[in-house]
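**Q** when you get a sec, could you give me coordinates for this:
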Amino acid sequence: MKRGGAGIAGNPVLIGAATTLVVLVAVFLAYNANRGLPFVPTYSLKAEVPSAAQLVVGNDVRIGGSRVGILENITAERRPDGSNVALLHMKLERTVDPLPKDSTILVRPRSALGLKYVEITRGSSRAGYQDGATIPLKAATPQPVEFDEFLNMFDDDTREAVQRNTEGFGTAFAARGESINTALGALRPLLRDIIPVARNLASPPTNLRRFVAELGDAAAIVAPAAETQAQLFVNLDRTMGALREVARPFIQESISEAPATLEAGVRELPVQRPFLANTQGLFRELRPGVSALRSSAPELAGALVAGTSTLRQSGPFNRRLASLLTTLQDFANDPQVPLGLNALADALEELEPTLTQLEPVQMRCNYITLWFRNVSSLLSEGDRNGTWQRFIIIATPQGPNNEGGPASAPANGPSPDNHLHTNPYPSTGSPGQPAECEAGNEPYPVGRTVIGNPAGTQKGSTEGSP
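**A** Numbers count the residues shown, from 1 in each chain. This is a model prediction of the structure:
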């Protein structure tokens, strides 16, 4: 009888080979499961993060808690500014493509044992990353806080301080439940009003983060002066203790009367502004004189010492002066005096042009004083022949037209002495004239006839003039 052909099921070798092949495929798939299934299309992206934060190849990439890919590789990258960042190579599912460009990336812990994963917060931008693109470092926000960093905050000093705070707050809150309830009820308006304050503090333009950082730096700077600051508070306690003795009624009255004082200041101080401005100008103009007092202080001290004895005698002098002042007061009250003063003012107004011309004659050149002095000596001085007014001989120079007799022209030589020198209108510094005192200061040019103002500028003073 002829045997029929057997199938695969009847061949033990083929059955064993097929079983072995299935097991190998299952092991291969299980080994590569963390890297994604083979022959499945993926969406590759790279991301810059400040630190890999103990990530390992094969960690999950999640969006909204759902696994969308794996971490294929981790490399280090050096930036142009010299800093280093971690570059994450991610293999994502095609359903993620394209990832919006305003998405953010964060490395987060998956468990307390140190397992990590990459969390992507999908954005809403219409523009997306192309396959193989790199997510920039600015998208790696916020900065992650590691679990060990959180635990490192609770060092020995911190734990001891927490214990003291717990004990202190527990003692403070003990048997004060009703007061705490009342306080919580009163906090409602505060919580309502604090909302705009919190929004302002949370606003990026406020830059609260920098303020806190700078506050920490300031605390670090003043830390070496802690002992000095502690001594400051000790001294403040002494000061406050001293003020306690005068708190009532003196300080209390100062505070109670302060509103009225401020109102008076608001009302009166604007009125005093012109006075203060004039005072400022006065002191500015007095500044040169005050500076000069530094060198004249010794003389002023001597004058004050001498003036002390004079002031002692001023009492009897003032009593003797009383009758004079009474007479002067009667004179001032006389109705005829204003009329005389008005007439005097009119006379002075009429004489103003003349006085303007004569003022430099005396004030600059001292001519009037010199004239009276010389006239007084005409009858009191002389020689054995008599006074100068009664007996004087002047010998005139010899020559034609000399001053000894009638002449047809000014004396003009031929001898050096026979020359006329006359200046009928010498300059005295009056308006329109040079600032000089020609009379008595003219040069005597020998052998020349000079009529009128001599050439050149003469001295601007005479004997006894300033």
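**Q** low-confidence ranges in this protein?
**A** For the chain, the stretches with pLDDT under 70 are 1-11, 13-14, 25-40, 112, 144-148, 378-382, 385-394, 465-466.
**Q** all helices of the stretch 151-300 of the chain, in order?
**A** 156-173, 177-202, 208-222, 226-245, 252-333 (DSSP state H, counting those that start in this stretch).
**Q** indicate which one of those helices is closest to F372.
**A** Taking CB to CB, helix 252-333 is the member of these nearest to F372, at 29.1 Å. (C-beta placed from N, C-alpha, C; glycine too.)
**Q** following that closest one, which helix or strand comes up?
**A** Scanning forward in sequence from helix 252-333, with DSSP states H and E defining helices and strands, the next element found is helix 336-363.
**Q** quick revisit: between the helices of the stretch 151-300 of the chain, which one is nearest to I70?
**A** Among the helices of the stretch 151-300 of the chain, helix 208-222 comes nearest to I70, with 34.4 Å by CB to CB.
**Q** contacts for the closest one?
**A** 201-202, 229 (CB atoms under 8 Å, 6 or more residues apart in numbering).
**Q** CA atoms of the helix or strand hosting S376 as CSV?
**A** Counting by DSSP H and E, the secondary-structure element that holds S376 is helix 367-378. Taking Å, rounded to 0.1, in the frame of the first residue of the first chain, the C-alpha atoms of helix 367-378 are listed here in CSV:
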residue,chain,number,x,y,z
TYR,A,367,40.0,171.1,43.4
ILE,A,368,37.4,173.0,45.6
THR,A,369,39.1,171.8,48.8
LEU,A,370,42.6,172.7,47.4
TRP,A,371,41.3,176.2,46.3
PHE,A,372,40.0,177.0,49.8
ARG,A,373,43.1,175.7,51.4
ASN,A,374,45.4,177.8,49.2
VAL,A,375,43.2,180.9,49.5
SER,A,376,43.4,180.7,53.3
SER,A,377,47.2,180.8,53.1
LEU,A,378,47.3,183.9,51.0
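**Q** tell me the helices and strands packed up against it.
**A** With contacts defined as 3 or more CB pairs under 8 Å, 6 or more residues apart in numbering; DSSP states H and E, the packing partners of helix 367-378 are helix 336-363.
**Q** if we go by neighbour counts, what in the helix it packs on is buried?
**A** Taking 16 or more other CB atoms under 10 Å as the basis for neighbour counts, the residues of helix 336-363 that come out buried are 360-361.
**Q** on contacts alone, who are the packing partners of that helix?
**A** Secondary-structure packing of helix 336-363 (3+ CB pairs under 8 Å, 6+ apart): helix 367-378.
**Q** quick one: the helix it packs on to helix 336-363, angle?
**A** Helix 367-378 runs at 80 degrees relative to helix 336-363, counting by axes from the mean of the first three to the mean of the last three CA atoms, to 10 degrees.
**Q** now stretch 360-377: how far from the chain's centre is it?
**A** The chain centre lies 62 Å from the centre of stretch 360-377; the measure is CA atoms, centre = their mean, to the nearest Å.
**Q** still on that earlier bit, okay if I get the helices of the stretch 151-300 of the chain as JSON lines plus distance to P443 and mean neighbour count?
**A** Formatted as JSON lines, those follow (distance: least, CB to CB, whole Å; neighbours: other CB atoms under 10 Å):
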{"stretch": "helix 156-173", "distance to P443": "102", "mean neighbour count": "10"}
{"stretch": "helix 177-202", "distance to P443": "90", "mean neighbour count": "10"}
{"stretch": "helix 208-222", "distance to P443": "81", "mean neighbour count": "10"}
{"stretch": "helix 226-245", "distance to P443": "82", "mean neighbour count": "10"}
{"stretch": "helix 252-333", "distance to P443": "39", "mean neighbour count": "10"}
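**Q** nearest to G64, of these?
**A** Here helix 177-202 is closest among those (CB to CB), at 25.0 Å.
**Q** which strands and helices sit next to that closest one?
**A** Using 3+ CB pairs under 8 Å, 6+ apart as the contact criterion, no secondary-structure element is in contact with helix 177-202.
**Q** the inter-axis angle of it versus helix 156-173?
**A** Orientation check (the same axes, to 10 degrees): helix 177-202 against helix 156-173 gives 130 degrees.
**Q** number of residues surrounding the closest residue to V446 other than its chain neighbours?
**A** Closest residue to V446 in three dimensions, ignoring its sequence neighbours and counting by CB to CB, 6 or more residues apart in numbering: P416, at 5.3 Å. The local packing of P416 (other CB atoms under 10 Å) involves 11 other residues.
**Q** ok, P416 touching Y444?
**A** No - under the criterion of CB atoms under 8 Å, P416 makes no contact with Y444, lying 10.9 Å away.
**Q** partner residues bridging S44?
**A** Beta-bridge partners for S44, by DSSP bridges, are K91.
**Q** one step back: overlap in contacts of P416 and Y444?
**A** Counting by CB under 8 Å, 6+ apart, P416 and Y444 have no common neighbour.
**Q** re the thing from before, how is the residue nearest to V446 assigned, secondary-structure-wise?
**A** Reducing the assignment at P416 to three states with DSSP: H, G, I helix; E, B strand; the rest coil gives coil.
**Q** and it, its phi and psi?
**A** Summarising the backbone geometry of P416 under the convention degrees, to the nearest 10, its torsions are phi -60, psi -30.
**Q** distance check, it against L262.
**A** 91 Å (CB to CB, to the nearest Å).
**Q** hmm, back to that, gap between the helix holding S376 and the chain center?
**A** 67 Å.
**Q** in that helix, what's buried?
**A** Within helix 367-378, the residues scored as buried using 16+ other CB under 10 Å are 367, 370.
**Q** need the helices of the stretch 151-300 of the chain in JSON lines with distance to T20, can you?
**A** Conversion of the helices of the stretch 151-300 of the chain to JSON lines gives the following (distance: least, CB to CB, whole Å):
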{"stretch": "helix 156-173", "distance to T20": "61"}
{"stretch": "helix 177-202", "distance to T20": "65"}
{"stretch": "helix 208-222", "distance to T20": "63"}
{"stretch": "helix 226-245", "distance to T20": "78"}
{"stretch": "helix 252-333", "distance to T20": "100"}
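**Q** figure out which of the ones you listed is closest to G58.
**A** Closest to G58 of the helices of the stretch 151-300 of the chain is helix 208-222 (CB to CB; 35.4 Å).
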